[in-house]
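here is my input, please return the structure:
(2 chains)
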2 protein chains.
Amino acid sequence: MRRASVTPDEFRAAGHGLIDWIAEYLETVGDRPVTTAIAPGEIRSRLPEHPPDEPETWSQVMTDVDEVIMDGVVHWQHPSFFAYFPANTSYASILGEVLSAGLGINAMSWVTSPAATELETLMLDWMQELLALPTAFRSDAPTGGGVIQGTASEASLVAILSARHRATDGHVNSVGDTTSLVAYMTSQAHSSLEKGLRIAGIGTDRIRIVDHDASFAMVPDALEAAIAADRAGGLVPFFVCSTHGTTSSMAFDPTPQIGEICARNDVWLHVDAAMSGIAALVPEHRWVNEGLEFADSYCTNPHKWMGVNFDCDLYWTRDRRSLLGALSILPEYLRSAAAEDNAAIDYRDWQIPLGRRFRALKLWFTIRLDGLGSFQEMIRRHIGLTQQLAMRIAGDQRFEILAPHPLNLICIAAHDDAATDALVEEINASGRALVTRTVLDGRSALRLSIGARTTTAVDSDRLWQLVGELSPPR
Amino acid sequence: MRRASVTPDEFRAAGHGLIDWIAEYLETVGDRPVTTAIAPGEIRSRLPEHPPDEPETWSQVMTDVDEVIMDGVVHWQHPSFFAYFPANTSYASILGEVLSAGLGINAMSWVTSPAATELETLMLDWMQELLALPTAFRSDAPTGGGVIQGTASEASLVAILSARHRATDGHVNSVGDTTSLVAYMTSQAHSSLEKGLRIAGIGTDRIRIVDHDASFAMVPDALEAAIAADRAGGLVPFFVCSTHGTTSSMAFDPTPQIGEICARNDVWLHVDAAMSGIAALVPEHRWVNEGLEFADSYCTNPHKWMGVNFDCDLYWTRDRRSLLGALSILPEYLRSAAAEDNAAIDYRDWQIPLGRRFRALKLWFTIRLDGLGSFQEMIRRHIGLTQQLAMRIAGDQRFEILAPHPLNLICIAAHDDAATDALVEEINASGRALVTRTVLDGRSALRLSIGARTTTAVDSDRLWQLVGELSPPR
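Predicted structure coming up:
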C-alpha cells in the first residue's frame, strides 16, 4: 500500500520500466494471437467493482495490465493485422506523444503556448510539401491553411460546417435553417459523412446517394444530374464529398470531373483521403492527388499510413474564411492581442473542441527521426505485398477479386456469400490474422488491408497459407 | 545523420532520457517564467522551413525542444499558473498516456479491443461512485451510461444532439429541420454551448439568453417565462444548459429549480460542471451536485481538477437511447456480433469522432496510483488558498470582489477598468504569475483560478505580493 501520490523518482523508475515494456511489446507482438477470444463482460468481471480506498503500487497496476487488460486487447500493431485500416504507430511518434503528455499544455490558442501553434502550422506546410498538395492549402496562401484534427470524422464535420456557412452567407449562424441544403456522395463514402451531415442538421432526405460505377467510383454525370434536379426543385446544393480511397474497397472518385461540376455549381468540394492520401509521399503514387486543385477542403491521416500515433488527421482548406465564420466564437476570457491583430492563428476556431493537445510534436518527431525514406519504403512494401497477393488470387479459381486494388487493400469473395462469411470468421477465430468483412453492391467480401508497419512478405505468405488451409481447393 | 527509423534499442535509450527530462521539467517548472514573451512567428522562424532529407538523431531533436520549443511554451503545470482553469497533470496519468500510445489500439468499438471499452465503462461507474452522482447515470441503470469525451465542448454537442433527437422523435435524422427548436442558457454559459448549438443548426435567433442574478446564476423565473413565451409562439423548447461553475466567475445555476421547470416542460437538461464538478470528490463540497437528479446529461473534467492528463472529460446520461438515436450509424465494415446482441457498448456511437484512444488507462492509473486521498488534499488546498486570498482582498480597499467564490476561483476589480486591465497585463508580463482577464456584466475583472497541482501557500503569497508591488496602496 502506498500513502502518497507518485513521486518524481517513482515516476522515473516506473517510466523506464514502461518504456522497456512497450519496446518489448512491439518487438514481440507478432508472437501473440492477433485478436482476443474474450466474451463481453469478462474483462470487467476480473477487475474490482469499486475504486481502491488507498493508493496502490506500480507493480500492482502493471500486473493487472499484463494479466487482465492484455487479454482483452486486439493487437493493431501486429504484423498479421489486416483489418480495418493501417493504424501503424512508430517509436518516434510514441516519443512525441510522451513529451506532449509531460508538458501538459493546452494548445487551444496561440497565446496559450505559441510553440504548439507555430510548430503545427509548420508541420502542415511541411506535409503540403512532402505530399505535393496544392499550394493554395499553405498557411502563406491568401486564404489557405491547415490544422491537425483528431480524426477524419471531425475533418468531415468541419468541412460540412464550412460549406454550410459559405452556402448561406453565414446566415445559418443566426437563423439555423438548413432545410434547403443538399449534400452529395456515393454509398461508398465513409459513414462519418452521413454522421457529420446529420450533426449539422442535414437529414437523409437531403443527402443524395450518387451512382457509382463497377469500380465503386462516383459517376460524374449522375452527380451533375442530381445537382441540376435539386436546383430545379429550388434546393441549394452545398456539399460534395469525393473519396480518394473508399473504406470498403479503396475506390477513387474521379475528382477532376467532380471538381469541375462543383466549380460550375458553386458547391463546396471536400476530398476525403483519410486512408490513402499518405500514398502521395511516394512519387509514383502521386496520382492519388488528382483533382485536388478543385478541393475546397482535404484530409488525410498520418495516424493511418505514416506511423504517427493515433490521433493525427491533417485537414487543409483553401477557404479559411468560411471555416472561421463557421466555428469562431470569442468570449472575453479567450481574447488575446495576438489574435485580434491577426498576427497569430487560434486553432480552437479550426475544430469542434476548444481544448487541444500538443499533437504537432509527434508528427515533427516522426518526420525528423524516421524520415521520408522510411515512410516511402513502408508504403511501397505494403503496395507490393498487396499486388503480389492479388496475382495469387487472380490465379486461384476459389476466389474472385471484387474491386480494383490500386494500393494496399483488396476485396475478394469465395463462391458464395456464406462461404466468404465463413472464411472471414474462421480466419479471425484462428488468431493468426485479422481481416474485415464488408459488403460490395450486396455481395459479401473479405477485405484485406495490408498496412501494419512490421508486415513483410513472411506475413502475407502466412495469410495466404491460412486462407489455403481454410478454403481447400474446390 | 541516421539512416533507418528508430530501433527498439534507440527507443529504450531515448525513452528513458525523455522520462527523466519530464520528471526534471515538472520538478523545476516553478523556476521558469510562467509564460513566454515570444512574438508571433518567432518560434517558426527559428525552425527549418523544409523537412529534412535524411533522418536526424534524438539529440538533434531534443536540442531543438530545449532551445526553440521551450521558449514558446506556456507552463500550465507551473505553481504560479492562475489562468484559465486547472489543467493539472500527474505522473500517474502521464504513465497511462504513455501506455496508451505504446499499445496503439483504436477503441472505437468493443470488438476492436474489448478491454478498452470495458475498462472505460468501469471507470465511469467508479467515478459515479466517487463523485456520488445519481445512480441513473450508471452503466447498469436501465437507460444510463457514461463515456470519456475529449473535451466538455464535445460533451455539450453530444448533449445538444441527444436533446434534438428526443425533441423531434428522431425525425431530425431524416428531415434535418431544426428551425423550431429553442435553447436556453445564461450569458455566463461556456462558449462551447453556443458553438455546439450552432453546429447542430440552432442559430442565435433560437438561443435565449436567460437573465442571471447578481451572483451570475440563472434566474429560474426568467427561464420559465422564456419557455412559456416560446411555447405560446409555436416554438419547441428543447434544451437547457445549467452550469455548475461558470467559466468567468464560478457561478452555480440553481439546478433544483431549473430541473423542475425542465421536467414540467419536457426539455432536456444538460448540466455543465466541466471545471468544478470534480469538487464532489470531497464530501463537504458535494453541494456541487445539487439538482443532478433532474439532469438528462452531465459532464465534468478529470483533466481539469483531478490530475488526469488532458484530454479526459466524463459524460453521463440517463437517456442513452436518445444519444444512440442521435449518433449511431452502422456500415457493414463496422458490424460485430457482440454489438448486435447488445452485449457490448460501441463507444463510437457515444461521440462525434469514430476513432478513439485508450483514454481509460490514464484515469485508472491516476485513481489507483495517486488515489482519492491525494485528490481530496489537492482540492481542499486549492479551495483553502482561494478563501485565504479572498479574506485578504476583502480587507484591502484597493480591490473589490465581483462575484461569489465558493471554490477555487475569484474575480476582483481595481478602482476602474483601466486599472484592472493594466494590472492583468503587468502581472502576466512579469512572468511571475499568469492570470486571465474577463468581463462580468460589462466590468473588467482579474480572474484568478487556483488549481495547479503544485500550488501551495508560498505561491499564493507570492501572487499577493506581486499584486501589491504592481498596485501600490491608494
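
show me where pLDDT drops low in chain A?
Along chain A, segments meeting pLDDT under 70 span A:1-3, A:333-334, A:339-341, A:473-474.

for it, just list every one of the strands.
For chain A, strands defined by DSSP state E occupy the ranges A:145-149, A:181-186, A:207-210, A:236-243, A:268-272, A:297-300, A:313-317, A:400-401, A:409-413, A:436-440, A:443-449.

out of the ones you listed, which comes closest to chain B?
Closest approach to chain B among the strands of chain A is made by strand A:436-440 (4.2 Å; C-beta to the nearest C-beta). For glycine as for every other residue, the C-beta is placed from the backbone atoms N, C-alpha and C.

do the longest helix seen in chain A and chain B meet?
For chain A, the helix that runs over the most residues, judged by DSSP state H, is helix A:371-394. Yes - under the criterion of C-beta under 8 Å from any C-beta of the partner chain, chain B is reached by helix A:371-394 at A:Gly371, A:Leu372, A:Gly373, A:Ser374.

mean neighbour count added to the strands of chain A, as CSV?
Below are the strands of chain A laid out as CSV (neighbours: other C-beta atoms under 10 Å in any protein chain shown):
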stretch, mean neighbour count
strand A:145-149, 26
strand A:181-186, 25
strand A:207-210, 20
strand A:236-243, 27
strand A:268-272, 27
strand A:297-300, 29
strand A:313-317, 28
strand A:400-401, 16
strand A:409-413, 25
strand A:436-440, 21
strand A:443-449, 24
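
and the ones you listed as JSON lines, adding distance to chain B?
What follows is the strands of chain A, written out as JSON lines (distance: least, C-beta to the nearest C-beta, whole Å):
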{"stretch": "strand A:145-149", "distance to chain B": "9"}
{"stretch": "strand A:181-186", "distance to chain B": "8"}
{"stretch": "strand A:207-210", "distance to chain B": "9"}
{"stretch": "strand A:236-243", "distance to chain B": "12"}
{"stretch": "strand A:268-272", "distance to chain B": "12"}
{"stretch": "strand A:297-300", "distance to chain B": "13"}
{"stretch": "strand A:313-317", "distance to chain B": "9"}
{"stretch": "strand A:400-401", "distance to chain B": "18"}
{"stretch": "strand A:409-413", "distance to chain B": "10"}
{"stretch": "strand A:436-440", "distance to chain B": "4"}
{"stretch": "strand A:443-449", "distance to chain B": "7"}
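
reformat these as TSV; add distance to A:Asp461.
Shown next, in TSV, are the strands of chain A (distance: least, C-beta to C-beta, whole Å):
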stretch	distance to A:Asp461
strand A:145-149	37
strand A:181-186	35
strand A:207-210	39
strand A:236-243	31
strand A:268-272	33
strand A:297-300	30
strand A:313-317	33
strand A:400-401	19
strand A:409-413	15
strand A:436-440	20
strand A:443-449	13
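
show me what contacts A:Val73?
When contacts are counted by C-beta atoms under 8 Å, 6 or more residues apart in numbering or on different chains, A:Val73 is found next to A:Thr36, B:Leu103, B:Ile105, B:Ser113, B:Ala115, B:Ala116.

show me which pair in those residues is furthest apart.
A:Thr36 and B:Leu103 (12.9 Å; C-beta to C-beta).

of the two, which one has the most company?
Ranked by neighbour count (other C-beta atoms under 10 Å in any protein chain shown), A:Thr36 and B:Leu103 place B:Leu103 first, with 28 against 20.

what's the separation between the residue nearest to A:Gly96 when sequence neighbours are not counted and A:Leu354?
Distances taken as C-beta to C-beta, 6 or more residues apart in numbering or on different chains place A:Lys362 nearest to A:Gly96, at 3.0 Å, with adjacent residues excluded. Look at A:Lys362 and A:Leu354: by C-beta to C-beta, to the nearest Å, they are 21 Å apart.

which one's more surrounded, those two?
Legend: neighbour count by other C-beta under 10 Å for A:Lys362 and A:Leu354, higher for A:Lys362 (32 against 22).

any idea how far the more buried one is from A:Ala280?
A:Lys362 sits 20 Å away from A:Ala280, going by C-beta to C-beta.

A:Phe375 too?
Here A:Phe375 is placed at a distance of 11 Å from A:Ala280 (C-beta to C-beta).

show me the helices in the stretch 151-300 of chain A, by range?
Along the stretch 151-300 of chain A, counting by DSSP state H, counting those that start in this stretch, helices occupy A:152-167, A:172-175, A:191-199, A:220-232, A:255-265.

and chain A, what are its domains?
For chain A, automatic domain parsing gives the domain ranges A:8-31+A:36-73, A:97-369, A:373-470.

tell me which of those domains sits most buried.
Scoring those by mean neighbour count under mean count of other C-beta atoms under 10 Å in any protein chain shown gives domain A:97-369 as the most buried, with a mean of 22.

can you get me the start-to-end distance on that one?
End-to-end distance for domain A:97-369, by C-alpha to C-alpha, to the nearest Å: 14 Å.

please state the offset of that domain from the chain centre?
The chain centroid and the centroid of domain A:97-369 are separated by 12 Å under C-alpha atoms, centre = their mean, to the nearest Å.

alpha carbons of stretch A:320-334, as CSV, please.
What follows is stretch A:320-334, C-alpha atoms only, in CSV (Å, rounded to 0.1, in the frame of the first residue of the first chain):
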residue,chain,number,x,y,z
ARG,A,320,-10.3,29.5,-44.1
ARG,A,321,-12.7,32.5,-44.0
SER,A,322,-15.6,30.0,-44.3
LEU,A,323,-14.0,27.8,-41.7
LEU,A,324,-13.6,30.7,-39.2
GLY,A,325,-17.0,32.0,-40.0
ALA,A,326,-18.5,28.7,-39.1
LEU,A,327,-16.6,28.0,-36.0
SER,A,328,-15.2,31.0,-34.3
ILE,A,329,-16.8,32.4,-31.1
LEU,A,330,-14.8,34.8,-28.9
PRO,A,331,-15.8,35.2,-25.3
GLU,A,332,-13.9,37.7,-23.2
TYR,A,333,-11.9,35.1,-21.3
LEU,A,334,-10.4,33.9,-24.6
